[in-house]
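Peer 1: pasted the sequence and its predicted model underneath.
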Amino acid sequence: MAKRYNWQLDREMEFPYDAPPPKRQVGYIFDINKCIACQTCTVACKTAWTSGKGEETMFWNNVETKPWGGYPVGWDVNLLETTEPAKWDANRLTSLTIFETDSNDGMPHGYEPRAEDYAHPNLGEDDVSDMIELGHHFEGVHPTWMFYLARICNHCDHPSCVAACPRGAIYKREEDGIVLVDQERCRGYQECVKACPYKKVFYNVISRASSKCIGCYPLVEQGNVALCVESCIGKIRMHGFLSSREEPREDNPLDYIVRIRKLALPLYPQHGTAGNVYYIPPVHVPDPFLEQMFGPGVAAAKEMYRNLGDDPQLLGALLLFGVSPRIITRYEVQGEEAVGWDVDGQEVARVPFTEPIYVRPHYDAQHDVYRHNTA
């Protein structure tokens, strides 16, 4: 077992082998506060990548309702119940990751879902945390709540699927950190399915091989965002690259939001995989529930989000969510506008802080007509 530094845990951790970080690391930020669970991202991914035989109940992208929903059923609680509770000393994890337990012969600790657990992708949809009393008034943190959690493969820094595969069929690309399955090498042992704490590796009973989210790498190689990001009508997603071999850059929107300001947080960081899908936590949900999901930075992130109006640099980065099909690798706040450039140095987005409003007069003198509001 090699020692690798995990910045999300603020300590070194054990990992089955050592390898240099990729030249740059693909990453995603999801703003939970804006997600309406329209499932447009799910449909875009499904129709593009998993419409074949053996993929009927396979969703590389899914949106589930917390606290009761999950796909596959119980993907998170089943693992949490077999591991010790996460313990933090400030931002440093003092409990064990899934790589540091002795219960699985050196393999990442995990569990394998049943086939029927994949048959209910919308289980618990819109179910709230508790009964709502007549006349309940909600403001701030809600006594009864739910939120939508969009999920894809995390393309982790320390992928448990890579560590578990006895065939070496799963690998992490050096050029962008995307994690892929070599379909020719895979023999369907399903150790990757068992090892992934997020259950984002799937077994195809027809091809008898595993498959997973490919990060839309054909698009990424051309400088474009993934389909789930481009199709998101709520503009809750940002797709780009995190600095992996150098210090985080303030002009890189992902670096700034994730590494520098720490507004967006990883999902279940205590597992130790260092996933690269980051979430801006929902401000209306109680902190204890969110802290078990996103770690100890929840309260600070929520406070930062509530005060975005006083933070133009951070607000400017968030304004670039969903504004271009191109991956934005550099941004800048210029006066009252957020400007973004792609990997080729071309300006691809310019977003005003205040959306312009045009009020047309009731009487149009040019056409000698009156405008009426018929809505």
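Peer 2: That came through, no problem.
Peer 1: make it CA atoms for all contacts and neighbour counts henceforth
Peer 2: Fine.
Peer 1: Y111 is in contact with C192, isn't it?
Peer 2: No - shown here, Y111 and C192 do not form a contact pair, counting by Cα atoms under 8 Å, at 10.1 Å.
Peer 1: which of these two has more neighbours?
Peer 2: Each of Y111 and C192 had its neighbours counted (other Cα atoms under 10 Å), and the higher figure belongs to C192 (30 against 17).
Peer 1: now the more buried one. Nearest residue, chain neighbours left out?
Peer 2: Nearest residue to C192 in three dimensions, chain neighbours excluded: C161, at 4.3 Å (Cα to Cα, 6 or more residues apart in numbering).
Peer 1: how many residues are close by the one you found?
Peer 2: C161 is surrounded by 29 other residues when neighbours are defined as other Cα under 10 Å.
Peer 1: where does it sit: helix, strand or coil?
Peer 2: C161 carries the three-state label helix when classified by DSSP: H, G, I helix; E, B strand; the rest coil.
Peer 1: check it and give its pLDDT.
Peer 2: Taken from the predicted model, the pLDDT recorded for C161 is 97.
Peer 1: nearest residue to the residue positioned nearest the centre of the chain other than its sequence neighbours?
Peer 2: Nearest to the centroid of the C-alpha atoms of the chain, with distances taken as Cα atoms, centre = their mean, sits V277, at 3.1 Å. Spatial nearest neighbour of V277, excluding adjacent residues (Cα to Cα, 6+ apart): Y28 at 4.7 Å.
Peer 1: phi, psi of the one you found?
Peer 2: When quoted as degrees, to the nearest 10, the phi and psi of Y28 stand at phi -140, psi 150.
Peer 1: same question, F241
Peer 2: Per-residue torsions, F241: phi -130, psi 140 (degrees, to the nearest 10).
Peer 1: residue ranges for the helices of the stretch 151-300 of the chain, please.
Peer 2: The residue ranges that make up the helices of the stretch 151-300 of the chain, judged by DSSP state H, counting those that start in this stretch, are 160-164, 191-195, 217-220, 227-230, 253-254, 287-294, 298-306.
Peer 1: ok, which stretches of the stretch 51-200 of the chain are strands?
Peer 2: Assigned by DSSP state E, counting those that start in this stretch, the strands in the stretch 51-200 of the chain fall at 62-66, 88-89, 92-93, 147-151, 170-172, 179-181.
Peer 1: can you map out the strands along the stretch 251-375 of the chain?
Peer 2: Secondary structure of the stretch 251-375 of the chain (DSSP E, counting those that start in this stretch): strands located at 265-266, 277-280, 328-334, 337-342, 347-352, 363-364, 369-370.
Peer 1: I'd like the ones you listed laid out as CSV, including distance to D18 and mean pLDDT.
Peer 2: Converted to CSV, the strands of the stretch 251-375 of the chain look like this (distance: least, Cα to Cα, whole Å; pLDDT from 0 to 100):
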stretch, distance to D18, mean pLDDT
strand 265-266, 22, 98
strand 277-280, 22, 98
strand 328-334, 28, 98
strand 337-342, 32, 98
strand 347-352, 38, 98
strand 363-364, 71, 90
strand 369-370, 72, 90
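Peer 1: can I get the ones you listed in TSV with distance to V181?
Peer 2: As requested, the strands of the stretch 251-375 of the chain are exported to TSV (distance: least, Cα to Cα, whole Å):
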stretch	distance to V181
strand 265-266	23
strand 277-280	19
strand 328-334	27
strand 337-342	28
strand 347-352	32
strand 363-364	62
strand 369-370	63
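Peer 1: closest to K200 out of those strands?
Peer 2: Nearest to K200, of all these, is strand 277-280, at 12.4 Å by Cα to Cα.
Peer 1: for the residue lying closest to P108 once chain neighbours are set aside, report the pLDDT, please.
Peer 2: The shortest distance from P108 to any residue other than its chain neighbours is 4.7 Å, reached at F99 (Cα to Cα, 6+ apart). Per-residue confidence (pLDDT) for F99: 95.
Peer 1: ok, F99 to W68 distance?
Peer 2: Distance, F99 to W68, using Cα to Cα, to the nearest Å: 27 Å.
Peer 1: G54 too?
Peer 2: Between G54 and W68 the distance, using Cα to Cα, works out to 27 Å.
Peer 1: again, but for S210
Peer 2: Applying Cα to Cα, one obtains 27 Å for the distance of S210 from W68.
Peer 1: remind me which residues of the stretch 101-250 of the chain are low pLDDT?
Peer 2: Screening the stretch 101-250 of the chain residue by residue with the criterion pLDDT under 70, one finds the ranges 103-106.
Peer 1: switch the cut-off to 90
Peer 2: Per-residue confidence of the stretch 101-250 of the chain (counting by pLDDT under 90) places the weak regions at 101-107, 132-139.
Peer 1: quick revisit: so between S210 and W68, which is more surrounded?
Peer 2: Neighbour comparison, S210 and W68: the larger count goes to S210, with 23 against 16 (by other Cα under 10 Å).
Peer 1: so V193 is in contact with P159, correct?
Peer 2: No - taking Cα under 8 Å as the contact criterion, V193 and P159 are not neighbours in contact, 11.9 Å apart.
Peer 1: quick one: closest of the helices of the stretch 151-300 of the chain to D176.
Peer 2: Taking Cα to Cα, helix 217-220 is the member of those nearest to D176, at 8.9 Å.
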